[in-house]
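1. Sequence plus predicted model, see below.
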Amino acid sequence: MRLPARLPSGWLVLTTAAVVLSASAPGSSRAEAPQRYTAKTPLAMVSAATLRAAADGAAEGDVLMGGLLAEAFQFDLPPGGAKAAMEAVAKAPAGATNQEARREAAVLAEQLAPDFGSDAAVARNKALGIVTDLAMLGPFRDAGGGFASPLGPESPGRSFTDLKADYSWGSFQVRWRKAPPRYASAAGLPLAVFMTPRNESCSFVAASLMLERPGPFVVRLAAAGQAALFVDGQLAARSEETHNEATFERLAAQITSETRDHLVVAKVCTGALGDSGRVRLRVTDERGAPVPFAASAELRAPAKDARVKAVSTPLARTLLKTAKDAKAGGDGVSLAAIAVRTLAGADDKKSPSAAGFLDALTQDKTLDADRLAFLAWLTPKGANRTGRYGRARERATQDAETRDFVDRQLVGERLSAQLVDWAKLGAKSAGLDTAKDDAAMILMARIDMRLGIDAAKLGALRALVARFPKLEEAPSHALELIASAAAQFDQPLARRARAAQAARGEIDRSTVASLLTVDGSAADAAARRLVGGSLEDADGGAEAARMLIRINRIAAARELLRDLFAWAPNDADVTRAFAEALLAPDDGAPKGAAREREDDSARRRDVALSLLARARELAPGDARVRAELGLRNPSRRARKPMSVTSPRPRPS
């Protein structure tokens with residue numbers, strides 16, 4: 001489907017809504033889903049996938065893939081376009097098939113909400129059935145018994161409801177803690193923020209549920225790594241595959257009971273390869289619709305009459321589809337299965353199978369250029385990807401849309417490989433310098449900004465500003481290019497671009513760093529919002545707080561690090577950063593009497609020294625912590641100066 005090159009941000013909502021309404025209108029025939037998988041522009045590609053997923057009778061894999069493609073291209077679409085696409089899939093016609101998968105599309109859409117961490121976002125998560133009041137316990141080290149071996153509260157004589165139990169080992173504190181509800185979001189609770197160390201360790205996430213009325217319900221678990229689901233003390237389901245992401249729900253259990261109170265526990269383990277560390281629990285009916293319930297991190301005794309049965313999920317059913325389940329030119333079941341494996345991070349990291357499925361499908365000589373190009377786009381390794389792009393272009397003699405798609409992807413590949421001159425040449429030969437669509441404009445700007453020539457960079461900045469005079473309407477990739485280039489040439493423009501990014505919720509540690517020299521107040525606000533609900537790991541929060549220390553916003557840094565230290569008591573970097581903030585001089589706080597200021601400074605110094613000692617316990621090999629602790633501790637005896645003949649003293 002070809003689309004106009006320049007469209008307002010609401011266009012995608014109107015188009016998908018119109019298709020959904022026409023498909024559900026009385027007496028209307030079933031909407032014909034688009035058959036193409038690739039397109040010249042990201043907007044056209046996402047729109048085709050969305051229409052295919054929203055159509056009545058769409059396969060489960062197509063429904064999941066529609067949301068994943070919108071997520072993959074979210075920064076190339078007009079603002080709100082990706083979220084609108086996912087919501088269109090979720091709001092399919094009443095009575096449409098695959099309601100479970102469509103409910104997951106609604107959860108995926110909520111992940112893109114710009115007001116993450118707010119009370120309104122927490123309320124929306126609860127309305128989707130997401131459990132936001134969670135207790136966490138971990139990390140437990142791998143003792144060599146495997147994923148199924150009992151740990152901590154699983155052990156004989158132990159209980160999940162004993163919230164005062166202490167399972168600490170070595171230097172690591174392992175006790176029950178409450179997760180902040182704003183972090184238990186649609187994206188999943190990020191264990192990397194709260195659990196250290198994570199590699200080759202296991203953690204538990206649990207909640208007590210109080211249903212409004214007894215009856216059958218389903219608990220669903222999305223988790224990275226290996227995962228097990230327990231309900232009322234019974235093992236409901238387990239998966240020893242190691243997934244990298246927790247995009248979709250992989251395990252589910254149906255519970256039948258006359259009791260309204262239940263205990264739900266998820267056990268998640270990370271191997272040596274690592275993963276995103278996300279975990280999400282959701283409570284629904286058998287069709288995926290949320291059921292009324294309340295949750296609590298105060299764990300209570302499980303129900304004794306619960307009958308627990310494992311049930312399948314849309315993700316599990318889709319992953320069963322292999323390259324043999326559908327012919328390449330058929331209904332696309334295999335393409336959707338491979339897309340879900342790769343884009344959702346649902347391939348087993350210990351024994352990946354997506355590469356084999358891709359190879360099996362792409363070896364089919366009857367595969368058309370469109371599908372071959374789509375499979376090339378899904379290919380994770382660059383060498384195989386560019387080779388398949390080349391084969392797809394050879395077959396696209398009568399398919400201009402696929403040819404344009406491949407040409408643009410190859411330009412992007414060269415740019416990613418730092419071959420900027422080659423990318424520039426390829427862009428001109430593909431006609432990108434004269435193309436009128438946003439995607440071509442942004443790609444050309446990326447190339448010009450990477451040439452290392454100020455004149456080219458400034459020209460690209462001016463072209464982007466002329467293309468998107470209203471920054472709030474610019475795609476996120478364009479907005480980032482404008483913000484980064486304007487920091488060199490136009491500081492007021494850079495401030496406006498960063499403000500537009502913050503309004504969309506696009507905040508990470510690099511956002512805080514970019515604001516340090518532009519606007520200290522904005523950097524402070526961005527750091528607070530980052531720690532407020534969008535951290536991927538605890539070290540990112542420590543880094544953001546250190547940035548505030550550098551611009552003399554000491555009180556704000558201390559406030560952020562106080563929360564982080566409570567959340568991540570085993571993270572050496574957070575502990576050391578908190579000590580640095582306490583030792584930093586006050587930043588213009590109200591001055592009291594000199595004696596009071598001295599007493600307060602002495603108390604902070606004592607706490608900071610304790611924190612440095614704790615950081616050294618957690619990271620004994622960190623020379624920086626040892627050196628700073630030795631420098632700041634006056635009770636430490638000074639060593640005698642060494643001579644060239646004296647033996648080197650052992651470090652204490």
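-> Thanks, I have the structure now.
2. Report the backbone C-alpha coordinates of the helix or strand harbouring Val512 in CSV.
-> Using DSSP states H and E, Val512 sits within helix 509-515. Presented in CSV, the C-alpha positions along helix 509-515 are these (Å, rounded to 0.1, in the frame of the first residue of the first chain):
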residue,chain,number,x,y,z
ARG,A,509,21.0,9.0,30.9
SER,A,510,22.1,10.5,27.6
THR,A,511,19.2,13.0,27.8
VAL,A,512,20.4,14.2,31.2
ALA,A,513,24.0,14.5,29.9
SER,A,514,22.9,16.5,26.9
LEU,A,515,21.1,19.0,29.1
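3. Check which helices and strands that helix is in contact with.
-> If you count contacts as 3 or more C-beta pairs under 8 Å, 6 or more residues apart in numbering; DSSP states H and E, helix 509-515 packs onto helix 476-489, helix 491-503, helix 520-533, helix 538-550. To be clear about C-beta, it is placed using only N, CA and C from the backbone, and glycine gets the same treatment.
4. Out of those helices, which is the most enclosed?
-> Most buried of those, by mean neighbour count (mean count of other C-beta atoms under 10 Å): helix 538-550, with a mean of 23.
5. What segments of the stretch 51-200 of the chain are helices?
-> Under the criterion DSSP state H, counting those that start in this stretch, the stretch 51-200 of the chain carries helices at the ranges 60-72, 81-90, 99-110, 119-127, 191-194.
6. Let me have these in JSON lines, extended by mean neighbour count, distance to Ile453 and mean pLDDT.
-> Formatted as JSON lines, these follow (neighbours: other C-beta atoms under 10 Å; distance: least, C-beta to C-beta, whole Å; pLDDT from 0 to 100):
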{"stretch": "helix 60-72", "mean neighbour count": "27", "distance to Ile453": "31", "mean pLDDT": "95"}
{"stretch": "helix 81-90", "mean neighbour count": "27", "distance to Ile453": "32", "mean pLDDT": "94"}
{"stretch": "helix 99-110", "mean neighbour count": "25", "distance to Ile453": "41", "mean pLDDT": "95"}
{"stretch": "helix 119-127", "mean neighbour count": "16", "distance to Ile453": "43", "mean pLDDT": "96"}
{"stretch": "helix 191-194", "mean neighbour count": "26", "distance to Ile453": "39", "mean pLDDT": "97"}
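7. Quick one: closest of those to Ala615.
-> The minimum distance between Ala615 and the helices of the stretch 51-200 of the chain falls on helix 191-194, with 17.5 Å, by C-beta to C-beta.
8. helices or strands next to that closest one in the packing?
-> Short answer (3+ C-beta pairs under 8 Å, 6+ apart): helix 191-194 packs on strand 135-141, helix 538-550.
9. buried ones in the helix holding Val512?
-> Within helix 509-515, the residues scored as buried using 16 or more other C-beta atoms under 10 Å are 509, 511-512, 514-515.
10. Just the mean pLDDT for it, thanks.
-> Regarding helix 509-515, the rounded mean pLDDT is 76.
11. looking at this, Ala222 is in a helix?
-> No - counting by DSSP: H, G, I helix; E, B strand; the rest coil, Ala222 is not found in a helix; it is strand.
12. That one touches His243, doesn't it?
-> No - taking contacts as C-beta atoms under 8 Å, Ala222 lies outside contact range of His243: 9.2 Å.
13. who has more neighbours, these two?
-> Ala222 (30 against 27; other C-beta atoms under 10 Å).
14. check contacts around that one.
-> 188, 246-250, 278-280, 282 (C-beta atoms under 8 Å, 6 or more residues apart in numbering).
15. what about 6 Å?
-> 246, 249, 280 (C-beta atoms under 6 Å, 6 or more residues apart in numbering).
16. Can you give me the neighbour number for the first one?
-> Using other C-beta under 10 Å, Ala246 has 28 neighbouring residues.
17. Now it: closest residue in space, sequence neighbours ignored.
-> Distances taken as C-beta to C-beta, 6 or more residues apart in numbering place Arg278 nearest to Ala246, at 3.8 Å, with adjacent residues excluded.
18. Can I get the helices and strands packed on helix 191-194 in a markdown table including mean pLDDT?
-> Listed next are those as a markdown table, based on pLDDT from 0 to 100:
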| stretch | mean pLDDT |
| --- | --- |
| strand 135-141 | 96 |
| helix 538-550 | 92 |
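19. Adding distance to Arg317 as columns, could you present the ones you listed in TSV?
-> TSV is the format used below for these (distance: least, C-beta to C-beta, whole Å):
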stretch	distance to Arg317
strand 135-141	30
helix 538-550	35
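20. Find the nearest non-adjacent residue to the most centrally placed residue in the chain, please.
-> For the chain, the residue nearest the mean C-alpha position is Ala187 (6.3 Å; C-alpha atoms, centre = their mean). Of all residues not flanking Ala187 in the chain, Gln111 sits nearest, at 4.6 Å (C-beta to C-beta, 6+ apart).
21. pretty sure that neighbour is touching Gly188, no?
-> No - counting by C-beta atoms under 6 Å, Gln111 stays clear of Gly188, with 8.8 Å between them.
22. quick one: which of those two has more around it?
-> Remark: of Gln111 and Gly188, Gly188 carries more neighbours, 24 against 19, as counted by other C-beta under 10 Å.
23. That one reaches Ala246, doesn't it?
-> Yes - counting by C-beta under 6 Å, Ala246 is a contact partner of Gly188 at 4.5 Å.
24. Now the lengthiest helix in the chain: buried residues?
-> Ranked by residue count, the top helix of the chain under DSSP state H comes out as helix 594-618. For helix 594-618, a neighbour-count test (16+ other C-beta under 10 Å) marks 604, 608-609, 611-612, 614-616, 618 as buried.
25. I'd like to know which of the contacts of Ala222 are part of strands.
-> Arg280 (DSSP state E).
26. Please convert the contacts of Ala222 to CSV, extending it with distance to Ala337 and pLDDT.
-> Below are those laid out as CSV (distance: C-beta to C-beta, whole Å; pLDDT from 0 to 100):
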residue, distance to Ala337, pLDDT
Ala246, 19, 97
Glu249, 17, 98
Arg280, 22, 99
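27. now the contacts of Ala222 in CSV, with distance to Phe217?
-> Shown next, in CSV, are these (distance: C-beta to C-beta, whole Å):
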residue, distance to Phe217
Ala246, 21
Glu249, 14
Arg280, 16
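28. OK, contacts around Asn98?
-> 60, 63.
29. Domain parsing of this structure, as residue ranges.
-> As assigned by automatic domain parsing, the chain contains the domains 11-110, 129-318, 520-632.
30. Report the separation between Thr270 and Asp563.
-> Between Thr270 and Asp563 the computed distance is 24 Å (C-beta to C-beta, to the nearest Å).
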